[in-house]
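In: here's a sequence, model it:
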Amino acid sequence: MPLIRFIALNTAWLLSGAVVVEVVFGVPGIGRVLLNAVNADDFPTIQGCAMLTGFVVVLCFAIAQIAGALIDPRTAE
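Out: Numbers count the residues shown, from 1 in each chain. Below is the predicted model of the structure:
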């Protein structure tokens with residue numbers, strides 16, 4: 001159970017580190033789009049990137065919760 005939650009948490013951390021990695025290595029992606037939107041004061045794009053990132057994090061934790069409930073039904077609430 002702790003391993004599943006640990007994997008979900010690390011997936012969320014990987015997504016949050018996308019900005020740094022994409023800027024350092026010059027890879028196009030959501031991190032670079034977010035950085036360009038912040039520099040250009042493009043609020044709809046910033047909101048879209050924030051919503052997408054939040055959705056992916058919530059999805060990771062939901063999948064971890066479902067997997068944990070399937071592995072050990074006693075922990076399902």
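In: buried residues in the longest helix anywhere in the chain?
Out: As assigned by DSSP state H, the longest helix anywhere in the chain is helix 43-71. Residues 49, 53, 57, 60, 64-65, 68 are the ones in helix 43-71 that count as buried (16 or more other C-beta atoms under 10 Å). From N, CA and C alone the C-beta is placed, and that goes for glycine too.
In: for residue 76, give me the pLDDT.
Out: Per-residue confidence (pLDDT) for residue 76: 63.
In: re the thing from before, quick one: which of the buried residues of helix 43-71 is nearest residue 5?
Out: residue 64 (5.5 Å; C-beta to C-beta).
In: with just CA atoms, put stretch 34-51 into CSV.
Out: The C-alpha trace of stretch 34-51 is given here as CSV (Å, rounded to 0.1, in the frame of the first residue of the first chain):
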residue,chain,number,x,y,z
LEU,A,34,3.5,27.4,-19.2
LEU,A,35,6.8,29.4,-18.9
ASN,A,36,6.0,31.3,-22.2
ALA,A,37,2.5,32.0,-21.0
VAL,A,38,3.8,33.4,-17.7
ASN,A,39,6.3,35.7,-19.5
ALA,A,40,3.5,36.9,-21.9
ASP,A,41,0.9,37.3,-19.2
ASP,A,42,-1.4,34.9,-21.0
PHE,A,43,-3.8,34.1,-18.2
PRO,A,44,-6.1,31.6,-20.0
THR,A,45,-3.1,29.5,-21.0
ILE,A,46,-1.8,29.6,-17.4
GLN,A,47,-5.2,28.5,-16.1
GLY,A,48,-5.4,25.7,-18.6
CYS,A,49,-1.9,24.4,-17.7
ALA,A,50,-2.8,24.6,-14.0
MET,A,51,-6.0,22.8,-14.5
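In: related to what we said a few turns ago, from the buried residues of helix 43-71, pick the one nearest residue 21.
Out: residue 53 (14.3 Å).
In: reformat the buried residues of helix 43-71 as JSON lines; add pLDDT and distance to residue 27.
Out: JSON lines is the format used below for those (pLDDT from 0 to 100; distance: C-beta to C-beta, whole Å):
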{"residue": "49", "pLDDT": "89", "distance to residue 27": "16"}
{"residue": "53", "pLDDT": "86", "distance to residue 27": "17"}
{"residue": "57", "pLDDT": "86", "distance to residue 27": "21"}
{"residue": "60", "pLDDT": "86", "distance to residue 27": "21"}
{"residue": "64", "pLDDT": "87", "distance to residue 27": "27"}
{"residue": "65", "pLDDT": "86", "distance to residue 27": "31"}
{"residue": "68", "pLDDT": "85", "distance to residue 27": "33"}
